[in-house]
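Engineer: Fold the following and give me the result.
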Amino acid sequence: PDPNIKLSKMASSRGTTAIKSVSRQVRPVLSTNKAEAKRRVLNLYKSWYRQIPYILLDYHIPKTKEQCEAKLREKFEEHRNVEDIRVIDMLVVKGQMELQETVKIWKQKHGIMDFWRDTVEPKPQDFLSKFLDGQN
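Structural biologist: Prediction:
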């Protein structure tokens, strides 16, 4: 038989397997349905909530319990509209790792205080502030 025909048949069969592997359904990371993912999120939230008094004692941060609870809620609200179960599971895993690092005091005080840092710094408005900032 002609070797070129054999190669073309192999290439075409490989192409169909590649298409089949792309169209297969992806497996979930942890949760199998939306209700299970929601349960995991609520359990993580409750775990963080229970640890707030101990975090305040261990890290001596200048925040009240109410401020910490408000920040916790804000952090969870940031991802409220996430619908993909795999993304929710990955966020839960990251949250659990963050909690473990915090509880075991593997973080430093500034790592905890970063939660309150504003990420957007306001641009200077007056001439002197612009001058000191390096803008003309």
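
Engineer: ok, and the most centrally placed residue in the chain, which helix or strand is that part of?
Structural biologist: In the chain, the centroid-proximal residue (CA atoms, centre = their mean) is Leu91; its distance is 4.1 Å. Element membership for Leu91, per DSSP states H and E: helix 85-103.

Engineer: Distance from the chain centre to that helix, please.
Structural biologist: Going by CA atoms, centre = their mean, to the nearest Å, the spacing between the C-alpha centre of helix 85-103 and its chain's C-alpha centre is 7 Å.

Engineer: helices or strands up against that helix?
Structural biologist: helix 34-59 (3 or more CB pairs under 8 Å, 6 or more residues apart in numbering; DSSP states H and E). Where you see a C-beta, it was placed from the backbone N, CA and C, and this is true even at glycine.

Engineer: Skip ahead from the helix it packs on and say which helix or strand is next.
Structural biologist: Note on helix 34-59: by DSSP H and E, the next helix or strand toward the C-terminus is helix 65-77.

Engineer: Please name every helix or strand in contact with that following helix.
Structural biologist: helix 34-59.

Engineer: quick one: buried residues of the helix it packs on?
Structural biologist: Buried residues in helix 34-59, counted by 16 or more other CB atoms under 10 Å: 37, 40-41, 44-45, 48, 51-52, 55-56, 58-59.

Engineer: could you give the angle of that helix to helix 65-77?
Structural biologist: 150 degrees (axes from the mean of the first three to the mean of the last three CA atoms, to 10 degrees).

Engineer: No further questions, thank you.
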